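K.L.:
Provided below for reference: sequence and predicted model.
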Amino acid sequence: MLDFRLDEEQQMLVSAISRFASEKVRKVYRDAEEDGVIPAEVVQAGWEIGVLPTAIPEAYGGFGEYSAVTGVLAAEEFAWGDLAISLNIMVPNLVAIPLMLAGTDEQKETYLPGFCDERLPKMTAALTEPKIQFDPHHLETTAVSDGDDYILNGSKVYVPLAGNAELILVYANENGRTQGFFVPADSAGLTISGRDKLMGIKALPTYKVALKDVRVPAANKLGGPDGCNFQAILNHSRVALGAAAVGVARAGYEYAREYAKQRVQFGEPIAHRQSIAFMLADMATDIDSARLLVWEAAWLLDNGKDATREITVMKNYVDQLVVDVTDRAVQALGGYGYIREYPVELWLRNARGFATFDGLSMI
Amino acid sequence: MIDFTIPDFINNQQQLIKMVAEQAMRPFSRQLDEHEHERPNVFVDMTWPFTQEMMKRGLKSVEKSLNGNGNGSSAPKKERSGPDYSTLALIFMIEQLSWGDAGQYLCLPHPMLGGAAVQSAGTPEQQVRFLKRFTEGKPKWGAMAITEPGAGSDNSSMRTTAVLDESTNEWILNGEKIFITSGKLALEESDGICVVWATVDPKAGRAGIKSFVVEGHTPGVNIAKQEHKLGIRASDTVALHFDNVRVPYDNLLGSAEVAQKVSSKGFQGAMKTFDSSRPAVAASAVGIARAALEFTIETLKKEGIVLDYTKPKHALTAVERDIMEMEARYKSAWLLTLRATAQMAHGESNRLEASMCKYRAGEAVTWITQKAVELLGPLGYSRDMLAEKWMRDAKINDIYEGTKQINQLIVARSILGYGRRELK
């Protein structure tokens, strides 16, 4: 039966993240952005909420079951606090979720318990490549079978936390299909160089990664000899990104709304004017629309549906919507919106990233 | 728990209604559009038994409660253990019928808005008295008369009066109402009902406004004009003159408390109708949007253009981008509508969400149908096909049951915590 209400467990999770976001993240996010460093204790506190371990089956040391719906609820709330910090906390998902979706039993046994650790696991993924017309289904990084091994060649960008990683899930083109390979970060031929300089999410360190004749055992291929359904992995990543976009949009909208109620011009708050009030009404409606599209897509995934169509439609729509909403938030603040003392310019810069992250399994 | 499962019985219902839409609506769409004010007889005959069944089911529990406590004047008791599925079923039905033809849908022999008003503001006794007729006999219609020439969105400034004649215990209605959907069907062509809003005290503003049921063929009701419209031409839209129209005292909707002169209960009760009628309008908008979207996609397919949802955004053609945006706007409008409906079904307040879905759906269908006409090129603009008709039909959803702007105002006040004083 149609129902749009969170259950009790989901409510508890969301309020725990909401508390973390407003009490911890919102205290440090601006300095983190300006300095390019996220305080380790904040990441640790976010990790300790335990969203990922509750999604990992008990057999592998977790205490739960993976649900895309719960995942999107968490992602929106984290991203409301700050996108860079939330991405940092969720980087391990880049490896854990593909494992749960496509990993062989052996791969799950090897890697999944590591995600139930008290510290943030040092695992990340590399998908995006440095080209204008990037297409995750037609990667330039190649994987060629050679006896009992695979040989990987190519270059990647936007690999989050790579500088500190022990294991990287590298996506590469194997005979026209995108497949994942577990590559130890200290493999011969793998070089991590130069932190990316981005327009937004500056607090999150992401890196360029080059692979030159990197050799991994065939057993390191995600899903074993048959490989993985890459579109399914992409779909799961995209609903989470869509939810994060909703969180960023909501941050901008809520700030603009409260500002408009405080800011007095011509003797009364600017929110008393229809031009501002109607803009806020539109922003609120946009956000609800986007959230419902995300929820439905996540629910379809939880019910074993392919949902590629719904997710593509949702993602393209939400990518633009989050820019539009945060842009209007900047506009509502007038001159102050452009000043870095206020948060809205940061959210606009972060919002613009979503269209670029499309295909990047950032979450 | 977040759940998008549609109950099986609704899926079955939708299949049946789709058949009605394909067989009794679509084949007559063009004919009825070009011959305005012609009654869609095939559709009426085919759907009347369906309405009777639905109304019988709906009235069963009301009648039971009446027999149970024998007290007809108390407010309807809502002792449901689970969600109200009939609300949900109705919204799905409206969507599918509007997919068939939005103009004909409005001619559904059904109490429609008048029924919604009776259900939300009437006592159980009144519900039985006014709605029982929809379970028997010849087809009947319901209507609602709010708008006046000088009172559109500002419906608290209405001038139609209701004066109590204490000698006969009747209300005497005088005034003029305009834009009454199915007014002719309800009052002249059948023994239907029309809920009329009028003031018992013009100086009291909102507090004086009450709603009254006027039954079909009541003397003094004149149809002053039948409008010619941009779209939904199968549906009759009339102006009504009330010239000393007498209705029994008990035709005032609501309890004795509502009848007391200075109380805004009546107005609030009437406004409450919007909480259910706005999702209904949104559902109709969404149905037209889906018709236009599906037709566009099918036509493109026949031309060999098949959409690929795995391509990255930069590789999409302009047409593919447009279609995907149409899909997103259609789907989000539908989900907003379902959310407002689910709240209703769960007995929760949905004022904000009802306005939100109504204004967003009206906006979406207007844009989607215009886009369909554009994408279909010479086929879209041609009266040989229905796309141009859907575009004209669609626009009404941006206007009635509160214009887009009025609903935006309601949303804005709600999110800002403002009243009429802060935000005009």
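P.N.:
Alright, I've got the coordinates.

K.L.:
Quick one: the strands in the stretch 201-350 of chain B, in order.
P.N.:
Listed in chain order, the strands of the stretch 201-350 of chain B (DSSP state E, counting those that start in this stretch) span residues B:209-215, B:221-226, B:237-248.

K.L.:
Same list, those strands, but as TSV with mean pLDDT and mean neighbour count please.
P.N.:
Yep, even glycine has a C-beta here, placed from its N, CA and C like the rest. Output for those, formatted as TSV (pLDDT from 0 to 100; neighbours: other C-beta atoms under 10 Å in any protein chain shown):
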stretch	mean pLDDT	mean neighbour count
strand B:209-215	94	25
strand B:221-226	96	15
strand B:237-248	97	19
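
K.L.:
I'd like to know which of those strands lies nearest to A:Val294.
P.N.:
strand B:237-248 (39.3 Å; C-beta to C-beta).

K.L.:
Could I get the CA-only coordinates of that closest one as CSV?
P.N.:
C-alpha atoms of strand B:237-248 as CSV (Å, rounded to 0.1, in the frame of the first residue of the first chain):
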residue,chain,number,x,y,z
THR,B,237,-19.6,24.9,-18.0
VAL,B,238,-22.4,27.2,-17.1
ALA,B,239,-23.4,30.4,-15.4
LEU,B,240,-26.4,30.0,-13.0
HIS,B,241,-28.9,32.5,-11.7
PHE,B,242,-30.6,31.8,-8.5
ASP,B,243,-33.9,33.6,-8.3
ASN,B,244,-35.6,33.0,-5.0
VAL,B,245,-34.6,29.4,-4.9
ARG,B,246,-36.1,27.6,-1.9
VAL,B,247,-34.3,24.7,-0.3
PRO,B,248,-35.2,22.9,2.9
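
K.L.:
which ones are touching the residue lying closest to A:Ile56 once chain neighbours are set aside?
P.N.:
Spatial nearest neighbour of A:Ile56, excluding adjacent residues (C-beta to C-beta, 6 or more residues apart in numbering or on different chains): A:Gly62 at 2.7 Å. Residues counted as contacts of A:Gly62 (C-beta atoms under 8 Å, 6 or more residues apart in numbering or on different chains) are A:Leu52, A:Pro53, A:Thr54, A:Ala55, A:Ile56, A:Leu112, A:Phe115, A:Cys116.

K.L.:
For those, which two are the farthest from each other?
P.N.:
Across those, the longest distance by C-beta to C-beta is 13.2 Å; it joins A:Thr54 and A:Leu112.

K.L.:
burial of A:Glu341, as a residue count?
P.N.:
Other residues near A:Glu341 come to 7 when the count uses other C-beta atoms under 10 Å in any protein chain shown.

K.L.:
Can you classify it as helix, strand or coil?
P.N.:
Recorded secondary structure, A:Glu341: coil (DSSP: H, G, I helix; E, B strand; the rest coil).

K.L.:
Show me what the stretch of helix or strand A:Val313 belongs to packs onto, helices and strands only.
P.N.:
Using DSSP states H and E, A:Val313 sits within helix A:308-332. Judged by 3 or more C-beta pairs under 8 Å, 6 or more residues apart in numbering or on different chains; DSSP states H and E, the packing partners of helix A:308-332 are helix A:230-262, helix A:274-302, helix A:344-357, helix B:318-345.

K.L.:
In PyMOL, how would I select just the buried ones from the contacts of A:Gly62?
P.N.:
Remark: buried members of the contacts of A:Gly62, expressed as a PyMOL selection using 16 or more other C-beta atoms under 10 Å in any protein chain shown:
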select buried, chain A and resi 52+53+54+55+56+112+115+116
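
K.L.:
how about B:Ile396, what does it touch?
P.N.:
So B:Ile396 contacts B:Ala102, B:Lys229, B:Leu230, B:Gly231, B:Ile232 (C-beta under 8 Å, 6+ apart).

K.L.:
To which secondary structure element type does it belong?
P.N.:
For B:Ile396, the secondary-structure state derived from three-state DSSP is helix.

K.L.:
Can I take it that A:Ser193 is in a strand?
P.N.:
Yes: counting by three-state DSSP, A:Ser193 falls inside a strand.

K.L.:
Mind telling me what element the closest residue to it other than its chain neighbours is part of?
P.N.:
Excluding the flanking residues, the one nearest A:Ser193 by C-beta to C-beta, 6+ apart is A:Lys208, at 5.4 Å. Assessed by DSSP H and E, A:Lys208 sits inside strand A:206-217.

K.L.:
Given that strand, what are its sheet partners and their directions?
P.N.:
Strand pairing for strand A:206-217, determined by DSSP bridges: strand A:149-160 (antiparallel), strand A:190-195 (antiparallel).

K.L.:
Perfect, that will be all.
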